[in-house]
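Participant: just a sequence and a predicted model for now, questions to come.
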Amino acid sequence: MKAAARRPVGALITSAGPKPRFVSRTSHAKSSLADASASASNVWQQVPPSPKKDTTTPLAKLPLSSVLRSLMILSVSSSSLLLKPCIYTLSMLAHPKTALLDVAKNPLLNLLVKHSLYKQFNAGENKLEVQRSIRDIKSLGYRGVLLGYAREVLVGESDVDPTNETAAREEIQMWLDGTLQTVDMAQEGDFVALKFTGMGIQALQHLQQQAAPSDFMNNAIQQVCDLAVSRNVRLLVDAEEQAVQPGIEEWALKYQKYCNSQTPGRAIFFNTYQAYLCSTPTTVARHLAISRREGYTLGVKMVRGAYLKTEPRHLIWATKEETDQCYDGVVDALLTRRYNTMMPAPSAAETELPPVNVIIATHNRDSVRKAHAIRMEQALREEDRGVDLSYAQLQGMADEVSCELLQGFSDPASVSASAESPNVYKLLTWGSVKECMGFLLRRAVENTEAVGRTKQSQEAMFSELRRRARLAFRVGN
């Protein structure tokens, strides 16, 4: 498998931008989708927006340096003229052919990248820098971070022979060392992102064959789980391509049972579900049934999907609108703990979902607002469905959505005294500038598929900068 096939694509992260159509589905499927969408929409219409404490804009909490840096990067990302040369340049830096283009060998280039793109999206190169970043994020009102280690073992570029047990174990050990460091850097309540394919070529083969992890892999993963449980840090497994995803799901269920059975009502280990897959509602319902039967709380992280260009087309919803309806319909079922037309009950005997913890990981403002509406309606009714809910967006992307989320729920006068303060997290990676180049390249590629949303973010940052300039001018006079 070539490394290029593993690059995530952001076409389904936002409702803005072009809406490609592919293959049509049956009218029955469209009717079910419409029902689920209408259910979520009705909740949103019934609940008034929460009042604001004052007229301060959501982005007012960001430091000026962050606004300026975001505006610069978003201006490039939203420009079709500038974005392609930027991606080409990042590709050269991620795969340098000369020392001049190697950020690990060119100190001037390293400094330039670190204080621009790197600082926008990454946490730092060492524990001190990472913990400073976490502290700064929490000072803005965020609950914490979803932290990942940027170093990857790309199978397309690996020279390791999978039959060479010593070399394969070295790859797994490298993954283990970096992951344990990441858990150690995280703070209580934070999340750490795991990528099982990061363990190397042997792990990839096991996942492709849907085989259980080897004893050495299992021991490594359990070490990570044990440290996370002891530090009250939660783990989440990234979704990947369908070539390995069924294997990832089987592994995730194994370690969910291992971790989540130790903490009743609370998920320590989360799996990621991609809403652009037609099978996702059925998959989530099946995993919920397994968690009920085996007596642990399922951890669900909902995303729209990151491999649109490389997945078999028949596995994906026909339109962007159907993906949005799937996402919102599954979230509605999870937050209300009631099966619906999008996610029917696996049997007539089951009328209510078992306990579940949910992470809504999206840059889509509409989906965030609909989830808020459900929680606000529950607060108005003083109804506690027992669902632990968190929201997450990438650091440096959709900051206006994250800040709106904080402002909308942080007002103690909003909705009722029982309304919760939101658990909002920022997802970011750590590692050397060199190690993070692949991650930065993917963020740029993602923006080619989400120009509409990027443009909205640029306009939000520009409006905030104008507001501050007007305020400064008035104060000076």
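Facilitator: Done, it's in. Numbering: from 1, shown residues only.

Participant: with residue 368 as the reference, measure out to residue 185.
Facilitator: 27 Å (CB to CB, to the nearest Å). C-beta coordinates here come from the backbone N, C-alpha and C atoms, glycine included.

Participant: can you read off the pLDDT for the residue positioned nearest the centre of the chain?
Facilitator: The centroid of the chain falls nearest to residue 361 when counting by CA atoms, centre = their mean (4.4 Å). Note on residue 361: pLDDT of 95.

Participant: same check on residue 379?
Facilitator: With respect to pLDDT, residue 379 scores 84.

Participant: what about it, how many neighbours?
Facilitator: 20 (other CB atoms under 10 Å).

Participant: hang on, residue 260 packs against residue 295?
Facilitator: No: judged on CB atoms under 8 Å, residue 260 makes no contact with residue 295 at a distance of 9.3 Å.

Participant: tell me where the stretch 201-350 of the chain has helices.
Facilitator: 201-208, 215-231, 245-260, 280-294, 320-336 (DSSP state H, counting those that start in this stretch).

Participant: for this protein, which segments count as strands?
Facilitator: Per DSSP state E, the chain carries strands over the ranges 144-149, 191-194, 234-237, 269-274, 298-303, 356-361, 388-394, 424-430.

Participant: which of the ones you listed sits closest to residue 245?
Facilitator: strand 269-274 (8.1 Å; CB to CB).

Participant: other SSEs contacting that closest one?
Facilitator: strand 234-237, helix 245-260, helix 280-294, strand 298-303, strand 356-361 (3 or more CB pairs under 8 Å, 6 or more residues apart in numbering; DSSP states H and E).

Participant: for that strand, C-alpha coordinates in CSV please.
Facilitator: Extracted as CSV, the C-alpha positions of strand 269-274 are listed here (Å, rounded to 0.1, in the frame of the first residue of the first chain):
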residue,chain,number,x,y,z
PHE,A,269,-11.3,3.4,25.5
PHE,A,270,-13.2,4.9,22.5
ASN,A,271,-13.6,3.7,18.9
THR,A,272,-14.0,6.0,15.9
TYR,A,273,-17.0,5.7,13.6
GLN,A,274,-17.2,7.3,10.1
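
Participant: so in that sheet, which strands flank that strand, and in what orientation?
Facilitator: strand 234-237 (parallel), strand 298-303 (parallel) (DSSP bridges).

Participant: more crowded one of residue 260 and residue 295?
Facilitator: residue 260 (26 against 11).

Participant: which residue sits closest to that one, ignoring its sequence neighbours?
Facilitator: residue 296 (4.0 Å; CB to CB, 6 or more residues apart in numbering).

Participant: same deal with residue 186?
Facilitator: residue 233 (4.7 Å).

Participant: quick revisit: distance to residue 280 for the strands of the chain - can I get that in a markdown table?
Facilitator: Formatted as a markdown table, these follow (distance: least, CB to CB, whole Å):
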| stretch | distance to residue 280 |
| --- | --- |
| strand 144-149 | 20 |
| strand 191-194 | 19 |
| strand 234-237 | 15 |
| strand 269-274 | 5 |
| strand 298-303 | 9 |
| strand 356-361 | 14 |
| strand 388-394 | 18 |
| strand 424-430 | 20 |
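
Participant: for residue 254, which of these is the nearest?
Facilitator: Nearest of the strands of the chain (CB to CB): strand 269-274, 9.5 Å.

Participant: the closest one: how far from the chain's middle?
Facilitator: 10 Å (CA atoms, centre = their mean, to the nearest Å).

Participant: next: stretch 63-81.
Facilitator: 21 Å.

Participant: tell me who's in contact with the residue nearest to residue 186.
Facilitator: 183, 186, 187, 188, 189, 190, 191, 192, 227 (CB atoms under 8 Å, 6 or more residues apart in numbering).

Participant: then residue 286?
Facilitator: Neighbours of residue 286 in contact, by CB under 8 Å, 6+ apart: residue 346.

Participant: in the stretch 51-200 of the chain, where is pLDDT below threshold?
Facilitator: 51-55, 152-159 (pLDDT under 70).

Participant: which stretches in it count as helices?
Facilitator: 64-77, 80-94, 107-113, 119-121, 127-139, 165-185.

Participant: mind putting the ones you listed into TSV with distance to residue 465 and mean neighbour count?
Facilitator: Supplementary listing: the helices of the stretch 51-200 of the chain in TSV, determined by distance: least, CB to CB, whole Å; neighbours: other CB atoms under 10 Å:
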stretch	distance to residue 465	mean neighbour count
helix 64-77	6	18
helix 80-94	19	14
helix 107-113	23	14
helix 119-121	16	19
helix 127-139	20	16
helix 165-185	32	18
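
Participant: in a markdown table: these, plus distance to residue 276.
Facilitator: Output for those, formatted as a markdown table (distance: least, CB to CB, whole Å):
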| stretch | distance to residue 276 |
| --- | --- |
| helix 64-77 | 22 |
| helix 80-94 | 23 |
| helix 107-113 | 32 |
| helix 119-121 | 23 |
| helix 127-139 | 29 |
| helix 165-185 | 27 |
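
Participant: residue 441: which of those helices is closest?
Facilitator: helix 80-94 (4.5 Å).

Participant: whichever of the contacts of residue 233 end up buried, select them in PyMOL.
Facilitator: Of these, the buried ones can be selected in PyMOL as follows, counting by 16 or more other CB atoms under 10 Å:
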select buried, resi 183+186+189+190+191+192+227
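
Participant: so of the contacts of residue 233, which two are at opposite extremes in space?
Facilitator: Between any two of those (CB to CB), the greatest distance is 15.0 Å, for 189 and 227.

Participant: if we can go back for a sec, nearest to residue 314, out of the helices of the stretch 51-200 of the chain?
Facilitator: Between the helices of the stretch 51-200 of the chain, helix 80-94 lies closest to residue 314; by CB to CB that is 29.2 Å.

Participant: okay, that closest one in CSV with CA atoms only?
Facilitator: As requested, the backbone C-alpha atoms of helix 80-94 are provided in CSV (Å, rounded to 0.1, in the frame of the first residue of the first chain):
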residue,chain,number,x,y,z
SER,A,80,-7.2,28.0,-5.0
LEU,A,81,-4.3,30.0,-6.5
LEU,A,82,-2.1,29.8,-3.4
LEU,A,83,-3.1,26.4,-1.9
LYS,A,84,-1.7,24.1,-4.6
PRO,A,85,1.8,25.6,-4.5
CYS,A,86,1.6,25.4,-0.7
ILE,A,87,0.8,21.7,-0.8
TYR,A,88,3.6,21.1,-3.3
THR,A,89,6.0,22.9,-1.0
LEU,A,90,4.8,20.9,2.0
SER,A,91,5.1,17.7,0.1
MET,A,92,8.8,18.5,-0.7
LEU,A,93,9.4,19.3,3.0
ALA,A,94,7.7,16.1,4.1
